[in-house]
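Colleague: what shape does this take:
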Amino acid sequence: VQLQASGGGLVQAGGSLRLSCAASGRTSSLYSMGWFRQAPGKGREFLAGIRWSGGRTWYASSVKGRFTISRDNGGNTVYLQMNSLKPEDRAVYYCAVQASEIRDFGSWGQGTLVTVSS
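Modeller: Residues are numbered from 1 along each chain as shown. Down below sits the predicted model:
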C-alpha cells in the first residue's frame with residue numbers, strides 16, 4: 001500500500017485544517033488507517049485511527065474533541081479534520097496503515113507539515 005498525505009500548511013491559532021491521506025495499491029484487506037505526528041525534537045505521536053471496515057474511530061486524549069478522522073464513502077482517502085489548532089500542534093503529520101489487528105502501523109506516507117502561528 002502506498003500513502004500520500006496532503007493538506008498541511010500555515011494556519012493561525014484557533015483555525016482549522018483538513019489533512020488528506022490517499023491510499024493506493026492493495027487496500028481492500030486493510031485493518032485500519034491512522035494519523036500520527038512528529039514535532040521537532042519529539043517522538044512520533046499517535047493521534048487517531050479508523051477501522052477500514054465498519055469505520056470505528058479512536059483518538060488520543062490530546063486531540064479528542066478537536067480532531068476528527070473520517071473516510072470518504074467507501075473510498076481510499078482518509079481525512080483528519082483539525083479544529084481549534086494550537087501552536088503546539090505544529091508538527092509533520094503522517095498517515096499509516098495496519099494490515100491486521102496484531103500488526104504495527106506501516107507503509108508511512110511522506111508527511112505533511114502543519115504550522116500554527118500564535
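Colleague: what are the phi and psi angles of the residue lying closest to G7 once chain neighbours are set aside?
Modeller: Of all residues beyond its chain neighbours, the one nearest G7 is L19 (4.0 Å), with distances taken as CB to CB, 6 or more residues apart in numbering. From N, CA and C alone the C-beta is placed, and that goes for glycine too. For L19, the backbone dihedrals (degrees, to the nearest 10) come out as phi -90, psi 150.
Colleague: wasn't S29 part of a helix?
Modeller: No - counting by DSSP: H, G, I helix; E, B strand; the rest coil, S29 is not part of a helix but coil.
Colleague: isn't it up against A99?
Modeller: Yes - counting by CB atoms under 8 Å, S29 touches A99, with 7.1 Å between them.
Colleague: which one of these two is surrounded by more residues?
Modeller: Between S29 and A99, counted using other CB atoms under 10 Å, A99 has the larger neighbour count: 17 against 10.
Colleague: need the phi and psi values for the more buried one.
Modeller: Per-residue torsions, A99: phi -80, psi -30 (degrees, to the nearest 10).
Colleague: quick one: contacts for it?
Modeller: Contact partners of A99, counting by CB atoms under 8 Å, 6 or more residues apart in numbering, are 29-31, 106.
Colleague: got a markdown table for the residues you listed, with pLDDT and distance to I50 too?
Modeller: Formatted as a markdown table, those follow (pLDDT from 0 to 100; distance: CB to CB, whole Å):
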| residue | pLDDT | distance to I50 |
| --- | --- | --- |
| S29 | 89 | 16 |
| L30 | 94 | 10 |
| Y31 | 95 | 10 |
| G106 | 89 | 16 |
